[in-house]
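Colleague: Next input, structure requested:
(2 chains)
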Amino acid sequence: MEIAVQTVINVVLLGVVYILMGIGFAFILNLLGIFNLAHGAIFMSAAYGCYLLVVKLGLPGFAAFPVTVLAAAAFGILVERFLFRPMKADFNRTMMVCIALSTVLVTTFNRFLGTRALAIPPFLAGTTGLGPYRVQTDRILAFCIGIVLLVGIILFVDRSRWGAQMQAVTQNREGAALQGIRFSRVAMLAVSVGFGLAAIGGVFMGTLYNLTPFIGDVTLIKVLMLVILAGLGSFNGIFYVGGLLGLLYGALPVVLPGAVVDALASILVLALLLIRPRGFFGHE
Amino acid sequence: MSDMTEIDTTDIRLVPESAVGQEVAQTKSRRWPGLSVLGGLVLVLALLPLGISGSYYMHVLILTFFYVVIASSWRVVSISGQFNIAIGAFMGIGAYAAAIPSVWLHWSPWVTIPLGAVAATIVGALLAYPFARLRTIYYAMGTLFLGYVVINLITAGGKTTGMSTGLGGVEPLFSDRTYYYYLAFGLMLVSLACMYRLEFSRIGVRMKAIAQSHQVAASVGIGERRNRILAVAFGSFFAGLMGAVYCHYQGVASPNSYGLGATLWIIMYVLVGGINSFWGPAVGVGMLLVIPEFFFRDLKGNLPYVTAAILLIIAFTMPEGIVGLLKAITDRVSRRFRRGEVSGDAP
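Modeller: Alright, predicted model coming up:
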């Protein structure tokens, strides 16, 4: 029964990480038309950044976490202003820029920290009794933070002014401009929020699982899977499909080997792509 | 890529006969300088092994020849408007189709290499069929995912494919590296000639028409699906061929050489050189592979910084790649010359 509790926590955590990553990726793709291949590298860098803050500088986890996220968001503003905007949404050129960015980040962490697996020390040590079961306190904390973040991001996208502006630009750029929404500001906001969300996902993964310079690529593929399934231009879809993927990758490995789960998910995505290229929730 | 979605009927070169004729007539007048440079380059590369035989530089040049063909084959797929992020997987199919019979059945390399090329073509065409429904960014995302799935399936093959460490012990073709040099060089020349023929043939013009607007192309009777599948099959033949030769050269077929990272770098070669010109991929490979390996080898682990810097410089200063920039310069120079000869001819 203990495994069931663990599984529920895992499902929610994975789902939250996928949703955060997917929302960020979708913001950048929908608003700027940039296929951000550096998203996985940002995710990885944030996890390593948090690791360095905690282990090398001795900061407590609760301070290092927001610092990492804010740093990533600030980095996003710089990247949008100095790397993405001069490319004028040209697909080929933005791709080159993204690959250059991701190469620099991966190489840097590879060189200075090596390729061996690291882990961010848990924010809270020890285990807690949950009824008759023992669960790591850290995971319960992450679970709670994850739920709060999820509610927060839903409120941000659906209820806040900025979220509404982003959705408006996604739906119709000219129409949004006619309503007085400045594209450059919304684009900057989107990249900054996207990178910040990727950083949150990275810290989550870094505390709960191992950390290598290559986790970025694996996560990028998952995010892509999520965005394909949800459909371009759909924000609500990402929540549903993110939850589905979390369920798939959090719960199924308990009963099936990992390779089979991967194959199942891949076939699901390929089949959907061929039957309904716009995804479950996509629209034109 | 982004302007592929728009239908701009004013700018479409869709009058195959006359337009192609004009293009040929235009290029003929300034063909000799280009041809002599090309001939000189071929001559130098053909004689080079006399000087550097057996050295590390030779290995780099052999790799260069392989990647020139693979990058060019990606460009052939792209002229039909398909941003295919699965070319590494097609290369991998060719490599494994050659490596598996070579290792387990001890077939001769002269059988397994054509087998690899044919297998890649067939699989490529079959996989291209359903994907011909997708366009622009959907196609890019779908093929990226396809490449991932293909590599996963290959590694899931257990002992037969050597899992994620790769399949070692592939029989070598020759014992001397010089022979590989000439084999790769010859294959490169033949492949480039084939691709050149295709691009400037009627089929190539049709593919370019589809890239500009599939609706207008369909309205003048160009079958979109057929031509796009043809482009992928043609491209994956050369990718598979080179993948097969490459794994015989290295003695190992490892999934890392065919994954997403490898594919993205192949695309980077093309984009750096210039996606809109035939010689773009070759120039791009020279820029991103040969220059770092020849001149910045001492940096070792820092080498990726050099390539990243090159990428950024090209992205910021040359939107059409290196060849695009050269073309713009020669156009301007020749226009100035012509203005001197015939007054009032300049547009």
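Colleague: Heading C-terminal from the helix or strand hosting residue B:32, find the next helix or strand.
Modeller: Taking DSSP states H and E as the definition, one finds residue B:32 inside helix B:31-47. Sequence-wise, the next helix or strand downstream of helix B:31-47 (DSSP H and E) is helix B:49-52.
Colleague: Just the C-alphas of that next one, formatted as PDB.
Modeller: Once side chains and other backbone atoms are set aside, the C-alpha atoms of helix B:49-52 remain, and they are given as PDB (Å, rounded to 0.1, in the frame of the first residue of the first chain):
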ATOM      1  CA  PRO B  49      46.400  11.900 -49.400                       C
ATOM      2  CA  LEU B  50      49.900  11.900 -50.800                       C
ATOM      3  CA  GLY B  51      50.800  14.600 -48.300                       C
ATOM      4  CA  ILE B  52      48.800  13.800 -45.200                       C
END
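Colleague: quick one on the thing from earlier: which neighbouring elements make contact with the helix holding residue B:32?
Modeller: Using 3 or more CB pairs under 8 Å, 6 or more residues apart in numbering or on different chains; DSSP states H and E as the contact test, the elements touching helix B:31-47 are helix B:177-199. Glycine gets a C-beta too; all of them are placed from N, C-alpha and C.
Colleague: mean confidence score for the one helix or strand residue A:23 maps to?
Modeller: When secondary structure is defined by DSSP H and E, residue A:23 falls within helix A:2-27. Mean pLDDT, computed over helix A:2-27, is 84.
Colleague: Does it reach chain B?
Modeller: No. Between helix A:2-27 and chain B, judged by CB under 8 Å from any CB of the partner chain, nothing touches; the nearest distance is 11.0 Å.
Colleague: List the buried residues of that helix.
Modeller: Within helix A:2-27, the residues that qualify as buried are A:5-7, A:9-27, counting by 16 or more other CB atoms under 10 Å in any protein chain shown.
Colleague: Could you give me the buried positions within the next helix or strand after that helix?
Modeller: Proceeding N to C from helix A:2-27, the next assigned helix or strand is helix A:39-55, under DSSP H and E. For helix A:39-55, the neighbour count (16+ other CB under 10 Å) marks A:39-54 as buried.
Colleague: Of those, just say which sits nearest to residue B:309.
Modeller: Closest to residue B:309 out of these is residue A:41 (16.5 Å), distances taken as CB to CB.
Colleague: what's the distance between the closest one and chain B?
Modeller: 11 Å (CB to the nearest CB, to the nearest Å).
Colleague: just residue A:63 next, same as before
Modeller: Using CB to the nearest CB, residue A:63 is found at 31 Å from chain B.
Colleague: which residues does that residue contact?
Modeller: For residue A:63, the set of contacting residues under the criterion of CB atoms under 8 Å, 6 or more residues apart in numbering or on different chains consists of residue A:53.
Colleague: again with residue B:314
Modeller: With contact taken as CB under 8 Å, 6+ apart, residue B:314 is in contact with A:96, B:271-272, B:287, B:321-322.
Colleague: So what's the gap between stretch B:211-227 and the chain middle?
Modeller: When distances are taken as CA atoms, centre = their mean, to the nearest Å, stretch B:211-227 is centred 23 Å away from the chain's centroid.
Colleague: any idea of the mean pLDDT for it?
Modeller: This predicted structure assigns stretch B:211-227 an average pLDDT of 86.
Colleague: Do it and chain A come into contact?
Modeller: No. For a cut-off given as CB under 8 Å from any CB, stretch B:211-227 has no contacts with chain A; the smallest distance is 13.0 Å.
Colleague: Can you give me the buried ones in that stretch?
Modeller: B:211-214, B:216-217, B:222, B:224, B:227.
Colleague: Low-confidence regions, chain A specifically.
Modeller: Residue ranges of chain A with pLDDT under 70: A:1, A:125-126, A:129-132, A:233, A:282-284.
Colleague: And the strands in it?
Modeller: Residue ranges of the strands in chain A, as given by DSSP state E, are A:127-130, A:133-136.
Colleague: elements contacting the last one?
Modeller: Counting contacts by 3+ CB pairs under 8 Å, 6+ apart, strand A:133-136 is packed against helix A:2-27, strand A:127-130.
Colleague: Which other helices and strands does the first one contact?
Modeller: Under the contact criterion of 3+ CB pairs under 8 Å, 6+ apart, helix A:2-27 touches helix A:39-55, strand A:133-136, helix A:137-158, helix A:183-208, helix A:215-230, helix A:236-255.
Colleague: Just want the angle from that helix to helix A:236-255.
Modeller: Here helix A:2-27 points in a direction 150 degrees away from that of helix A:236-255 (axes from the mean of the first three to the mean of the last three CA atoms, to 10 degrees).
Colleague: tell me the angle of helix A:2-27 relative to helix A:137-158?
Modeller: For helix A:2-27 and helix A:137-158, the angle between their directions (the same axes, to 10 degrees) works out to 30 degrees.
Colleague: Who are the contact partners of the nearest residue to residue A:49 once chain neighbours are set aside?
Modeller: The shortest distance from residue A:49 to any residue other than its chain neighbours is 5.0 Å, reached at residue A:68 (CB to CB, 6 or more residues apart in numbering or on different chains). For residue A:68, the contacting residues are A:46, A:49-50, A:53, A:199, A:202-203, taking CB under 8 Å, 6+ apart as the criterion.
Colleague: ok, 10 Å please
Modeller: Listed by CB atoms under 10 Å, 6 or more residues apart in numbering or on different chains, the contact partners of residue A:68 are A:45-54, A:59, A:196, A:199-200, A:202-203, A:206.
Colleague: And the buried residues of helix A:39-55, which is closest to residue A:230?
Modeller: For the buried residues of helix A:39-55, with residue A:230 as the reference and CB to CB as the criterion, the closest is residue A:39, at 15.2 Å.
Colleague: Test my guess that the closest one contacts residue A:20.
Modeller: No. Using CB atoms under 10 Å, residue A:39 is not in contact with residue A:20; the gap is 11.1 Å.
Colleague: what do the two both touch?
Modeller: Overlap of the contact sets of residue A:39 and residue A:20 (by CB under 10 Å, 6+ apart) consists of A:194, A:197-198, A:201, A:223.
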